[in-house]
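Visitor: sequence and predicted structure below; questions after.
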Protein chains: 2
Amino acid sequence: MSKLVIVGTVAFDDIETPFGRSDKILGGAATFIGLAASQFKVSGSVVSVVGGDFPKSYLQLLEDKGMDISAIEVIPDGKTFFWSGRYHNDMNSRDTLSTELNVLADFKPVVAKNYLDSEVLMLGNLHPNIQISVIEQMNSRPNLIILDTMNYWMDNTLDELMQVIKMVDVITINDEEARQLTGEYSLVVAAHKIMTMGPKFVVIKKGEHGALLFHKEEVFFAPALPLEEVFDPTGAGDTFAGGFAGYLAKTGDYSYENMKNAIIYGSALASFCVERFGTERLIDLSKPEMHQRLQQFKNLTQFDIELA
Amino acid sequence: MSKLVIVGTVAFDDIETPFGRSDKILGGAATFIGLAASQFKVSGSVVSVVGGDFPKSYLQLLEDKGMDISAIEVIPDGKTFFWSGRYHNDMNSRDTLSTELNVLADFKPVVAKNYLDSEVLMLGNLHPNIQISVIEQMNSRPNLIILDTMNYWMDNTLDELMQVIKMVDVITINDEEARQLTGEYSLVVAAHKIMTMGPKFVVIKKGEHGALLFHKEEVFFAPALPLEEVFDPTGAGDTFAGGFAGYLAKTGDYSYENMKNAIIYGSALASFCVERFGTERLIDLSKPEMHQRLQQFKNLTQFDIELA
């Protein structure tokens, strides 16, 4: 069992889907990552910032799930990061209605002292310089650094992004972002190009079309579970990353073979996430449910062709 | 080993992709289906029609691959069905430049006598009434009838299409067509709706995003192999269907479990098809290559999570 540091936003979301509206609820990348990783009972610490308006009950919730919250700074006279968005009917695209950075604008993450020797570091989507500052705080380089990022940083801070990409072992990125970062349409070619930028492992998230894991000349694919209904996709990518990081931290095995299992776990957790608004489904998730969902993934993908 | 009847077009294609132009080459649904099925050394008969302009060498090619061509009618003073199209840069969409039905306009398929007792019938994309006429010719109902169709028949001959759908065991259809046929966006809901129309098995083809097999409450997924380059997608769907039908005919096992293997074989064959223009890659495909490709599909999808 390895210690895990998670850096990212802890926030309020207000989500509208064809099924209804959530009003202001718990959100943020680090929240989803932490809740997903907590399924593995890892020793995890969330590094983030919130305002005085952030309910203590939300922090308590993360703590109850086993997350160390001592590195979530509370700024009493500040307001918590807020995002609101509206999904289109196909649930594959959305409009951002509002983004209020608030306390996130001046976020200077400080890793909790007893987590400075963590083996696994999960960098949620943030300004690349903030991500770098966290890597540099660690006592020694973690055995596994996972980076999540998005097109916004490619558009606005590409140099800094390239610098942090060089420093990590795994990058998780969606298909369009992989294409933007490399100028390549083929995801195979794009992934190989990204591996020359630093990461030894590239995870390309394709939403409802699953996720690909690349390493050297190898490739592994985890489908998304085909669902009757996607209720709210918010946080699915972060949940996927949190399941991936949490499983690797729990097992302490960072091999390509074990990463296959990690992206299956990530996909399984993401398939729960989209069943309800925000973090709702992750919070009440039971072990037998998780077990059953993994069995569904086996049934979905495992076949029995003998190659004589 | 079961006998297999394949009904569909044998044609000329002229294909333009960002990589070049094929000029007039061998094409047609039944051609791709037959070449894919021939990998399994099944006793297969292609039922189709061509004009006097169709090279004997093309017919010879099918025969050399082990296909019975006695039910390919040659109309000496007719012209062979011709299609030409141009793919867009992303290779996921194309424009049809020309469709000349020619001898296909009056196609009245006649199944070869010694194939009237075939166990497996693969109905390639054609007018539903033509598909029905083939089912009705058979001595007794085949053990497995597989139907391929497309949106054109939904737009123009929906009643007839619904009639043939009612008569088959398996339907292969792409994602957009499944949505059109059912008015459901979720492919899970759409597949279940289609199962109420007749077929016990629904295969939804998602192109570069793989294929789903539905049966009762079960679902299985075969990814498309991630490729550095898709050279020409023409015929990939038919190749997939031919691999599916061929494997099932070879094994004579029409269970859901065995259909999982069949769609993996179909996907593997389709991954070859797109590597060159038209049928080129299928024609020179060797057994060791096929073997290696199946191993790639195993590596791509098989994982090892113990569910205690």
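Guide: Looks like it came in fine. What you are looking at is a predicted structure, and each value in this text was computed from that prediction instead of being measured.
Visitor: how near is the closest residue to A:S2 other than its chain neighbours to A:I165?
Guide: Nearest residue to A:S2, sequence neighbours excluded (CB to CB, 6 or more residues apart in numbering or on different chains): A:E119, at 3.7 Å. The C-beta positions use only the backbone N, C-alpha and C, and glycine is treated the same way. Taking CB to CB, to the nearest Å as the measure, A:E119 falls 21 Å from A:I165.
Visitor: wait, what's in contact with the spatially most central residue of chain A?
Guide: Residue closest to the average C-alpha location in chain A (CA atoms, centre = their mean): A:D238, at 2.6 Å. Taking CB atoms under 8 Å, 6 or more residues apart in numbering or on different chains, we find A:D238 in contact with A:G8, A:A29, A:A30, A:T31, A:F32, A:I33, A:A36, A:G124, A:N125, A:D148.
Visitor: what's the longest helix along chain A packed up against?
Guide: What stands out as the longest helix in chain A, according to DSSP state H, is helix A:256-273. If you count contacts as 3 or more CB pairs under 8 Å, 6 or more residues apart in numbering or on different chains; DSSP states H and E, helix A:256-273 packs onto helix A:29-37, strand A:201-205, strand A:211-215, strand A:218-222, helix A:236-251, helix A:280-283, helix A:287-301.
Visitor: what about 6 Å?
Guide: strand A:211-215, strand A:218-222, helix A:236-251, helix A:287-301 (3 or more CB pairs under 6 Å, 6 or more residues apart in numbering or on different chains; DSSP states H and E).
Visitor: mean confidence score for that helix?
Guide: Mean pLDDT, computed over helix A:256-273, is 98.
Visitor: let me see the ranges of the strands in the stretch 51-200 of chain A.
Guide: Along the stretch 51-200 of chain A, the segments classed as strands by DSSP state E, counting those that start in this stretch run A:67-68, A:72-75, A:82-87, A:94-100, A:120-123, A:144-148, A:170-174.
Visitor: looking at the ones you listed, which is buried most?
Guide: Compared across those, strand A:120-123 shows the largest average neighbour count, a mean of 30 (mean count of other CB atoms under 10 Å in any protein chain shown).
Visitor: quick check: residues of chain A near chain B?
Guide: Chain A comes close to chain B at residues A:186, A:188-189, A:209, A:219, A:221, A:223, A:226, A:228, A:260-261, A:264, A:294-295, A:300-301, A:303, A:305, A:307, as judged by CB under 6 Å from any CB of the partner chain.
Visitor: those, buried ones only, as a PyMOL selection?
Guide: One line in PyMOL is enough to select the buried members of these, burial here meaning 16 or more other CB atoms under 10 Å in any protein chain shown:
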select buried, chain A and resi 186+188+189+209+219+221+223+226+260+261+264+294+300+301+303
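Visitor: in the longest helix of chain A, which residues are buried?
Guide: A:259-273.
Visitor: ditto for stretch A:125-139
Guide: So for stretch A:125-139, counting by 16+ other CB under 10 Å, buried means A:N125, A:L126, A:H127, A:P128, A:I130, A:Q131, A:I132, A:S133, A:V134, A:I135, A:Q137, A:M138.
Visitor: list just the nearest of the residues you listed to B:L104.
Guide: Distance ranking of the buried residues of stretch A:125-139 against B:L104, using CB to CB, places A:N125 first at 53.8 Å.
Visitor: look at that closest one and report its pLDDT.
Guide: With respect to pLDDT, A:N125 scores 96.
Visitor: I'd assumed A:E208 was in contact with A:A224.
Guide: Yes - counting by CB atoms under 6 Å, A:A224 does reach A:E208; the two are 5.1 Å apart.
Visitor: the two - which one has more neighbours?
Guide: The neighbour count for A:A224 versus A:E208, taken as other CB atoms under 10 Å in any protein chain shown, is higher for A:A224 (23 against 19).
Visitor: ok now do that one, which residues does it touch?
Guide: By CB atoms under 6 Å, 6 or more residues apart in numbering or on different chains, A:A224 lies in contact with A:E208, A:G210.
Visitor: same question, A:T99
Guide: A:W83.
Visitor: any idea how far it is from A:V110?
Guide: Distance from A:T99 to A:V110, by CB to CB: 24 Å.
Visitor: same check, this time on A:K79
Guide: 20 Å.
Visitor: could you do A:N139 as well?
Guide: 14 Å.
Visitor: and if you look at A:M91?
Guide: Distance from A:M91 to A:V110, by CB to CB: 37 Å.
Visitor: neighbour-wise, which of these two wins?
Guide: Taking other CB under 10 Å, A:M91 and A:V110 do not tie; A:M91 has more neighbours (20 against 13).
Visitor: who are the contact partners of that one?
Guide: Counting by CB under 6 Å, 6+ apart, A:M91 has contacts A:V230, A:P233.
Visitor: check it and give its pLDDT.
Guide: 82.
Visitor: who's A:V50 bridged to?
Guide: Per DSSP bridges, the residues bridged to A:V50 are A:V74.
Visitor: picking up where we left off before, and of the buried residues of stretch A:125-139, the nearest to chain B?
Guide: When those are ranked by distance to chain B (CB to the nearest CB), A:N125 comes first, at 24.3 Å.
Visitor: contact partners for the closest one?
Guide: Neighbouring residues of A:N125 by CB under 6 Å, 6+ apart: A:A29, A:D148, A:T149, A:M150.
Visitor: for A:Q292, same thing?
Guide: A:Q292 neighbours (CB under 6 Å, 6+ apart): none.
Visitor: what mean pLDDT would you report for stretch A:113-122?
Guide: 98.
Visitor: please name the nearest non-neighbouring residue to A:P199.
Guide: Distances taken as CB to CB, 6+ apart place A:I171 nearest to A:P199, at 4.5 Å, with adjacent residues excluded.
Visitor: I'd say that neighbour and A:I146 touch.
Guide: No - the criterion here is CB under 6 Å, and A:I171 misses it with A:I146 at 7.7 Å.
Visitor: run through the residues that contact the residue of the stretch 51-200 of chain A found nearest chain B.
Guide: Closest residue of the stretch 51-200 of chain A to chain B, CB to the nearest CB: A:V188 (4.7 Å). For A:V188, the contact set (CB under 6 Å, 6+ apart) comprises B:P226, B:E228.
Visitor: same deal with A:G183?
Guide: Per CB under 6 Å, 6+ apart, neighbours of A:G183: none.
Visitor: tell me which element A:L26 falls in.
Guide: strand A:20-27 (DSSP states H and E).
Visitor: next, the buried residues of that strand.
Guide: Result for strand A:20-27 [16+ other CB under 10 Å]: buried residues A:S22, A:I25, A:L26, A:G27.
Visitor: for it, packing partners?
Guide: strand A:11-17.
Visitor: burial measure for A:Y115, as a count.
Guide: For A:Y115, the neighbour count with other CB under 10 Å is 23.
Visitor: oh, I was asking about A:Q296
Guide: 15.
Visitor: helix, strand or coil for the closest residue in space to it that isn't next to it in sequence?
Guide: Closest residue in space to A:Q296, ignoring its immediate chain neighbours: A:L225 at 6.3 Å, by CB to CB, 6+ apart. Here A:L225 is coil, with the state taken from DSSP: H, G, I helix; E, B strand; the rest coil.
Visitor: correct me, but A:L225 touches A:F272?
Guide: No - in this structure, A:L225 is not within contact of A:F272 by CB under 6 Å, at 9.2 Å.
Visitor: any idea how many residues pack against A:R293?
Guide: A:R293 has 18 neighbours, counted by other CB under 10 Å.
Visitor: I am finished for the moment; much appreciated.
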